[in-house]
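S.K.: Build me a model:
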Amino acid sequence: MLLGCNSSNTEFKNEEFSKVYSTLFQELTTSDVKLEKYIIFNNKVDTVLLNSDSINWNQELELFTKAEISKIAYSDYEIRTLNNGCEKYFHTRNDKHHVKKYHYSNCNGSLNVYIDVEKSSPLYKFNYHLELNKDGYLIETKSDIELAEQSNYRIEGKFIRTN
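M.R.: This is a model prediction of the structure:
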């Protein structure tokens, strides 16, 4: 009994993250939403327009769902809750966690997510900045790999609703 209580105090179990992403994926899948993607690498821009029937939203937004922090120990993050709980800020206190900052807001049904991720080893360092809202997403990546050039790219996805 004590272990159960102790466990719930040290682990943050927030089903909101999974529910929000699955609700968004369902809305994007069932609506006639097109995706306009801008891929920016070395100051060159490629633009791609995808029709709704050719988009796998789970795969398209995988970086956001993989950065979910709902099962990390509560004590490993400084957590601030605002606006009656619909807005949350997470900032890691532990360098071993890849997700350094996570800001989530679903106030008035308007989704906004901001995530900063860092992965590193003696041979490489990757920094990701992710943003997601009802209008689209942004992925910025900076990588520094030993014995290779630095690489920076940006992907902007704009959701185009036709109805």
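
S.K.: for the nearest residue to Ile145 once chain neighbours are set aside, what are its contacts?
M.R.: Nearest residue to Ile145 in three dimensions, chain neighbours excluded: Tyr124, at 4.6 Å (Cβ to Cβ, 6 or more residues apart in numbering). Where C-beta positions appear, they are placed from N, C-alpha and C, glycine not excepted. Listed by Cβ atoms under 8 Å, 6 or more residues apart in numbering, the contact partners of Tyr124 are 143-146.

S.K.: so where's the longest helix in the chain?
M.R.: The longest helix of the chain (DSSP state H) is helix 16-30.

S.K.: got the CA positions of it in CSV?
M.R.: Output of helix 16-30 as CSV, limited to C-alpha atoms (Å, rounded to 0.1, in the frame of the first residue of the first chain):
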residue,chain,number,x,y,z
GLU,A,16,-3.6,14.4,-21.4
PHE,A,17,-0.6,14.2,-23.6
SER,A,18,-1.6,10.9,-25.3
LYS,A,19,-5.3,12.1,-25.5
VAL,A,20,-4.4,15.4,-27.1
TYR,A,21,-2.1,13.9,-29.7
SER,A,22,-4.6,11.1,-30.6
THR,A,23,-7.5,13.7,-30.8
LEU,A,24,-5.4,15.8,-33.1
PHE,A,25,-4.4,12.8,-35.3
GLN,A,26,-8.0,11.8,-35.5
GLU,A,27,-9.2,15.3,-36.4
LEU,A,28,-6.5,15.6,-39.1
THR,A,29,-7.2,12.1,-40.5
THR,A,30,-11.0,12.5,-40.7
